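In: missing the sequence, but the structure's below:
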């Protein structure tokens, strides 16, 4: 492997015509330049320069290597310029995974601010379920992922570095005309005779509902299983039942529902940023993480 510094010295001698000129240009001593040239000749196994009445001139091998050195050094300068662009967040890309609840509430706000701050960064954002997000991260298809966990359903810490962005309360969603709608905070025991709307397909909020109601001394009566929180709110609005939801899911709530506090009766959900431990993070990734953490501090206030 040829040394780039020595290639630079060779090129400078060839273009400047002397060891002294190269030494002045590169801030070396003449003896230092001569020493590096000897090492380069040892590396290639051929003489590269010969003395002439007007200074140093390249041999045939010197001509060939100087031409390659010029191209190599120009390419290295271009590489450094590209890296400087990335470091200065004037170019680059970022791949992010999120889940639907955040994709319809928190993440659009973060993206809007990030694009104003760094308009040249290309964003690739995907929204999917928790298991798929973990798979995308593990395969390196996204560089950052927004995940969530409950106290009884912790994420594994082995492969990912996890940063908590915020912890959000579980809230009660009732119809705007429901008797409980007049309250600001509801005792879970007061809902013992209500019909409940819950997420389908063994969604964790179904277990959350079961745990919350059991702790209050009853089992919930399920009237409808919804595919998403928008559908759940719509059914709540027409009086089919009441529902639990993480606060982010009802930031943009249906006009026919009221969102009420349950105090500490229902477990909170933690939202985390996940990144693989075995990869180097690009400047754009670090900048997006900083913004996520900063905006997460005030998200649920």
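Out: Yep, it's here. Note that the structure is a prediction, hence the values are computed from the model and not measured. Numbering: from 1, shown residues only.

In: What strand or helix carries the nearest residue to residue 70 once chain neighbours are set aside?
Out: Excluding its sequence neighbours, the residue lying closest to residue 70 (Cβ to Cβ, 6 or more residues apart in numbering) is residue 11, at 5.8 Å. All C-beta atoms are positioned from the backbone trio N, CA, C, and that covers glycine. Here residue 11, judged by DSSP states H and E, is contained in helix 4-16.

In: tell me the average confidence for stretch 11-19?
Out: On average, the pLDDT along stretch 11-19 is 90.

In: Only the buried residues of that stretch, if you could.
Out: Residues of stretch 11-19 classed as buried under the neighbour-count rule (16 or more other Cβ atoms under 10 Å) are 11, 12, 13, 14, 16, 18, 19.

In: which of these lies closest to residue 167?
Out: residue 11 (59.3 Å; Cβ to Cβ).

In: isn't the closest one right up against residue 66?
Out: Yes - counting by Cβ atoms under 8 Å, residue 66 is a contact partner of residue 11 at 5.3 Å.

In: hmm, who's touching stretch 192-211?
Out: Applying Cβ atoms under 8 Å, 6 or more residues apart in numbering, the contact partners of stretch 192-211 are 150, 152-153, 170, 213, 216-229, 232, 235-236, 240-246, 266-267.

In: I would like the residues contacting the helix holding residue 11, please.
Out: With contact meaning Cβ under 8 Å, 6+ apart, helix 4-16 is reached by 19, 21-22, 25-26, 28, 33, 36-37, 39-40, 43, 48-49, 56, 58, 62-63, 65-66, 68-70, 72-73, 76.

In: Would you list the buried entries among those?
Out: Here the buried ones among these, as counted with 16+ other Cβ under 10 Å, turn out to be 19, 21-22, 26, 28, 33, 36-37, 40, 48-49, 56, 58, 62, 65-66, 69-70, 72.

In: re earlier: between the buried residues of stretch 11-19, which is nearest residue 100?
Out: Among these, and counting by Cβ to Cβ, the member closest to residue 100 is residue 11, at 57.2 Å.

In: what's the distance between the helix or strand bottoming out on mean pLDDT in the chain and the middle of its chain?
Out: None of the helices or strands of the chain scores lower by mean pLDDT, DSSP states H and E than helix 60-87, at a mean of 80. In this view, helix 60-87 has its centroid 32 Å away from the chain centroid, taken as Cα atoms, centre = their mean, to the nearest Å.

In: Return the residues in contact with residue 58.
Out: Applying Cβ under 8 Å, 6+ apart, the residues near residue 58 are 14, 48, 49, 50, 66.

In: how many neighbours does residue 111 have?
Out: 17 (other Cβ atoms under 10 Å).

In: Angles on the backbone of it, please.
Out: Main-chain torsions, residue 111, degrees, to the nearest 10: phi -60, psi -40.

In: what about the strands in the chain?
Out: 49-52, 55-58, 93-98, 122-127, 144-149, 160-168, 170-175, 195-199, 221-226, 242-246, 257-261, 269-276 (DSSP state E).

In: residues in contact with the fourth one?
Out: Same thing as strand 122-127. With Cβ under 8 Å, 6+ apart, strand 122-127 has contacts from 92-100, 103, 107, 111, 114-115, 136, 142.

In: Report the buried residues of that strand.
Out: Across strand 122-127, burial judged by 16+ other Cβ under 10 Å covers residue 127.

In: Run me through the strand neighbours of it, direction for each.
Out: strand 93-98 (parallel) (DSSP bridges).

In: quick check, nearest of the buried residues of stretch 11-19 to residue 299?
Out: residue 11 (55.6 Å).
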